[in-house]
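> here is my input; please provide its structure:
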Amino acid sequence: MAPAKKKNSQSEIQPVVLQNGIFVAGHPRSGTSLACQLLESAGVQFPSDLGADEYNKEGYFELSIAKELEKKLIEKAMTVENIQELNKIIRKLNEPKGLTGLKIVHIPSIFFYRHIAKKMRVVFIFRDPSDVKSSMLRRGISQFKLNWFENNNALVAAHENIPKNIVISYESLIRGNPKVVKAFKKLGFNVNLNVIKRDYQTQKNSRIIIPPEEKLLYNMLKNLEKESFK
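So this is what the prediction gives:
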């Protein structure tokens, strides 16, 4: 008698293809929710189960299942269980008739989505690391799975490997820099800067000391932003 065939083997579970999606990726407290607001003004839907609070008054634009999967993908890559979770997320993104978006804060995980996306566009967001740390401490987050340097180094790698992307700073978003509109048009979106409420900004010009490598990376990111503004 032939042995029973194992269920849920790696070969039996194939990743669902993301038909058409837009990603917003950045370290926590860097302006990812602001970028999602802009894309929402251009007609993008962000499936979310995390509501607004005093720290993100317009909402987080996040799926809790997707946020948890980011960490699991970084730890164990495409296991059977992770593929099953990924498929749930992709089906949710494929379901609406219009364009849907997904916010990512553990930036290395975006490479796993890159392999299953047909038309992938990404808005990368960064912010002065001093203000990021000050903002995280303000809301009681002393640590994150990836530190600012690791996460934004992954941003640089993703920028280099995903053809359709732009790199935008929180500072440009909150100030309403008109070049932001031009950058979003490169990805096919007509955004409305008026949806951003500038009085929501709580951390600015923090004097928290950051390591030299973070200063170096921050300057590199600002140069990448200049390229997106051309």
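
> so who does the residue most central in space within the chain touch?
With distances taken as C-alpha atoms, centre = their mean, A25 lies nearest the centre of the chain, 1.8 Å away. Contacts for A25 (C-beta atoms under 8 Å, 6 or more residues apart in numbering) come out as 32, 103-105, 107, 110, 122-125, 155, 158. (C-beta placed from N, C-alpha, C; glycine too.)

> spatially nearest residue to it (excluding sequence neighbours)?
Nearest non-adjacent residue to A25, counting by C-beta to C-beta, 6 or more residues apart in numbering: I104, 4.3 Å away.

> quick check: which ranges of the chain have low pLDDT?
Flagging of the chain using pLDDT under 70 yields the residue ranges 1-12, 50-59, 142, 200-201.

> would you map the helices across it?
For the chain, helices defined by DSSP state H occupy the ranges 32-41, 64-76, 80-94, 110-114, 129-138, 148-161, 170-175, 179-186, 212-229.

> mind checking which of the ones you listed is nearest V16?
The minimum distance between V16 and the helices of the chain falls on helix 80-94, with 4.3 Å, by C-beta to C-beta.

> from the contact counts, what lies against the closest one?
Counting contacts by 3 or more C-beta pairs under 8 Å, 6 or more residues apart in numbering; DSSP states H and E, helix 80-94 packs against helix 64-76, strand 100-104.

> what about E160, how many residues close to it?
Neighbours of E160 under the rule other C-beta atoms under 10 Å: 10.

> please read the previous query as pertaining to N82.
N82: 18 neighbours (other C-beta under 10 Å).

> likewise I209?
Counted with other C-beta under 10 Å, the neighbours of I209 add up to 8.

> out of the helices of the chain, which comes closest to P47?
Comparing these by C-beta to C-beta, helix 80-94 comes nearest, at 5.3 Å.

> now the closest one: how far from the chain's centre is it?
17 Å (C-alpha atoms, centre = their mean, to the nearest Å).

> residues contacting that helix, please?
For helix 80-94, the external contacting residues (C-beta under 8 Å, 6+ apart) are 8-10, 13-19, 21, 47, 63, 65-66, 68-69, 72-73, 76, 78, 100, 102, 112, 116.

> show me which of those residues are buried.
Among the contacts of helix 80-94, those scoring as buried are 13, 15-16, 18, 21, 47, 63, 66, 69, 72-73, 100, 102, 112, 116 (criterion: 16 or more other C-beta atoms under 10 Å).

> tell me how far the residue lying closest to P28 once chain neighbours are set aside lies from F189.
Nearest non-adjacent residue to P28, counting by C-beta to C-beta, 6+ apart: V105, 5.2 Å away. Counting by C-beta to C-beta, to the nearest Å, the gap from V105 to F189 is 21 Å.

> which of those two has more residues huddled nearby?
Neighbours per residue, other C-beta under 10 Å: of V105 and F189, the larger number sits with V105, 24 against 20.

> quick one: that one from V17, how far?
Applying C-beta to C-beta to V105 and V17 gives a distance of 24 Å.

> so F149 sits against E213, correct?
Yes. Using C-beta atoms under 8 Å, F149 is in contact with E213, at 6.0 Å.

> show me which of those two is the more surrounded one.
Between F149 and E213, counted using other C-beta under 10 Å, F149 has the larger neighbour count: 17 against 10.

> contacting residues for the more buried one?
Per C-beta under 8 Å, 6+ apart, neighbours of F149: 129, 211, 213-214, 217.

> quick check on those residues: which are buried?
Applying 16+ other C-beta under 10 Å to the contacts of F149, the neighbour count classes 129, 214, 217 as buried.
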